[in-house]
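K.L.:
with the sequence up front, the predicted model follows.
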Amino acid sequence: MIPNEERKIWSLINGKIDNIEDWNYLNPVGELSVLLKLLKSGLFELEEIETKFPNGRKKDFLFRHKNNNETRLIEILNIHLQTDIKDFNKIKNILLSKVQNKIDREIEGVKDSLFLRRLYILPVVWYLDIEDLENSLRFLQRV
């Protein structure tokens, strides 16, 4: 028998990792990484996956903090950076812009400060260079 928490996690990944166009298959991996990190901390209990916010937009996770019983809505923002961008300020501006755009989209129309205080947007930054990965794979295949 699958425990309730594992059943919720399975529903998150079931059928989502087969979309490999434009690195989108990494998005559920980013969500799972954050989910597992929060669960392993021992501070949170997973209440729900894909929870509705007052504006109708779904948030990735609803957690309950074990110490104070407060709920936290978690929305994951997967950011895929191009590897040809090397300038720190350009990278910083891209990241800040994407985070701000995500915040604006997620809270649009919501005025209740209770909901706004419970929302946490957690970025996962992907910076993958296919050539480096292929070189690493070739190296590992020789070893």
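P.N.:
Perfect, thanks for sending it. Residues are numbered from 1 along each chain as shown.
K.L.:
for the protein, give me the ranges with low pLDDT.
P.N.:
When residues are selected by pLDDT under 70, those of the chain lie in 1-24, 128-130, 132-133, 143.
K.L.:
show me where it has its strands.
P.N.:
44-52, 58-65, 71-80, 119-126 (DSSP state E).
K.L.:
show residues contacting the last one.
P.N.:
It refers to strand 119-126. 23, 26, 30-31, 33-34, 53, 59, 72-81, 95, 98-99, 102-103, 106-107 (CB atoms under 8 Å, 6 or more residues apart in numbering). Heads up, the C-betas are built off the backbone N, CA and C, glycines and all.
K.L.:
centre of the chain versus that strand, how much separation?
P.N.:
5 Å (CA atoms, centre = their mean, to the nearest Å).
K.L.:
okay, buried residues for that strand please.
P.N.:
Residues of strand 119-126 classed as buried by neighbour count (16 or more other CB atoms under 10 Å): 119, 121-122, 124.
K.L.:
ditto for the longest one
P.N.:
Neighbour counts using 16+ other CB under 10 Å place 72-80 of strand 71-80 among the buried residues.
K.L.:
then the first one?
P.N.:
For strand 44-52, a neighbour-count test (16+ other CB under 10 Å) marks 44, 46, 49, 51 as buried.
K.L.:
list the contacts for the last one?
P.N.:
When the contact criterion is CB under 8 Å, 6+ apart, the partners of residue 51 are 58-59, 61-62, 73.
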